[in-house]
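A.B. asks: the following block contains a protein sequence and its predicted model.
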Amino acid sequence: METLEEGALAYWYWHGSHEPIRGQSPAAGAPFLYTVPGTVEQEVMAVSFLFTASAAVANRRPVVSFLDYGGQPFAEIGTPFTITANNASQVTFGQYLNQFGANNSARMGAPIPPLRLGDGLSFQITADAIAAGDQISAVAFFVRQWPIRA
């Protein structure tokens, strides 16, 4: 018969725990990159950030990419909406979301698939046609995570 503590650990292993994470803002024009640490596996439940477009003329489409060990994307999800020069939008990607917003809206978002990421896999926030002066800031995401058993 397992103890209460063993039962709790088994539940945590199978169902995971949930953890909010704040990310550092990358330099202007650079993508945000997060790599899963070696102690856990993680599933990104939701990610939100402020995308501020510079004065450069172009349509930007915010994108979340899931990357393999070599940094190559195996899943890329973009919003169906664009942000043009001198505009800002709070962008959210999350599981179970329906797309929402409009071009240059104050808020926009899109769904992401449930992908369990192992040690060394990563996800990246960027935009199609990102300009050198564009800024990704106020990055926050919510993950479900599981310990790596030895």
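C.D. replies: In hand now; what should we look at?
A.B. asks: which stretches of this protein form strands?
C.D. replies: With DSSP state E as the criterion, the chain has strands at 17-22, 32-35, 40-52, 61-67, 73-78, 88-94, 107-111, 116-117, 122-128, 135-147.
A.B. asks: residues contacting the residue nearest the centre of the chain?
C.D. replies: Nearest to the centroid of the C-alpha atoms of the chain, with distances taken as C-alpha atoms, centre = their mean, sits Val47, at 4.2 Å. By C-beta atoms under 8 Å, 6 or more residues apart in numbering, Val47 lies in contact with Val64, Thr92, Phe93, Gly94, Ile112, Phe123, Ile125, Val139, Ala140, Phe141, Phe142. Any C-beta I mention is one placed from the backbone N, CA and C, and that applies to glycine too.
A.B. asks: Ala102: which of these is nearest?
C.D. replies: Each of the contacts of Val47 was checked against Ala102 using C-beta to C-beta; the closest is Thr92, at 14.2 Å.
A.B. asks: just give the nearest non-adjacent residue to Ser122, would you?
C.D. replies: Setting aside the residues directly before and after it, Ser122 is nearest to Thr35 in space (C-beta to C-beta, 6 or more residues apart in numbering), at 4.1 Å.
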